[in-house]
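**Q** missing the sequence, but the structure's below:
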């Protein structure tokens, strides 16, 4: 059998297995994080988690298949290992970048959600104070002047 075909098969097996492992790990551990970001809405967190996993699979498996072609043929075992190390290494880097991108995006969503929670008053407003004659930010009225002969402390 041609060693280039062997390299392709091994590359696909390793790359697909790594992609599935990373996606499952992200899905399992990201579920809790998404529930927090989405304020405990478990159904929405599960739906978003599933959509993220599908997108992760599509992008990474698409990259793995596009990166399959080897420009040079593989003639011996050494070239087989070299080709596999380059291809699997690049796939690992892409998986890492995708993981960091997901974490960065989710942390921004979480930060925005936390800011929105802080801006919501804990008690709803119960009324309002009408503005004074000089607008809502009028200076306090001056103290009355003391009467003649009165001691000022």
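**A** Received, thanks. Remember, it's a predicted structure, so these values are computed and weren't measured experimentally. Residues are numbered from 1 along each chain as shown.
**Q** alpha carbons only for contacts and neighbour counts from here, please
**A** OK.
**Q** What is the least confident helix or strand in the protein?
**A** The helix or strand of the chain with the lowest confidence, counting by mean pLDDT, DSSP states H and E, is helix 77-119 at a mean of 82.
**Q** which stretches of the protein form helices?
**A** Ranges of helices in the chain, per DSSP state H, are 3-37, 42-66, 77-119.
**Q** who wins for proximity to residue 143 among those?
**A** Nearest to residue 143, of all those, is helix 77-119, at 37.3 Å by C-alpha to C-alpha.
**Q** which helices and strands sit right next to the closest one?
**A** Packing partners of helix 77-119 (3 or more C-alpha pairs under 8 Å, 6 or more residues apart in numbering; DSSP states H and E): helix 3-37, helix 42-66.
**Q** Can you list the buried residues in the last one?
**A** Counting neighbours by 16 or more other C-alpha atoms under 10 Å, one finds that the buried residues in helix 42-66 are 45, 46, 48, 49, 52, 53, 56, 57, 60, 61, 64.
**Q** Now do the same contact list for residue 49.
**A** Residue 49 is in contact with 27, 30, 31, 34, counting by C-alpha atoms under 8 Å, 6 or more residues apart in numbering.
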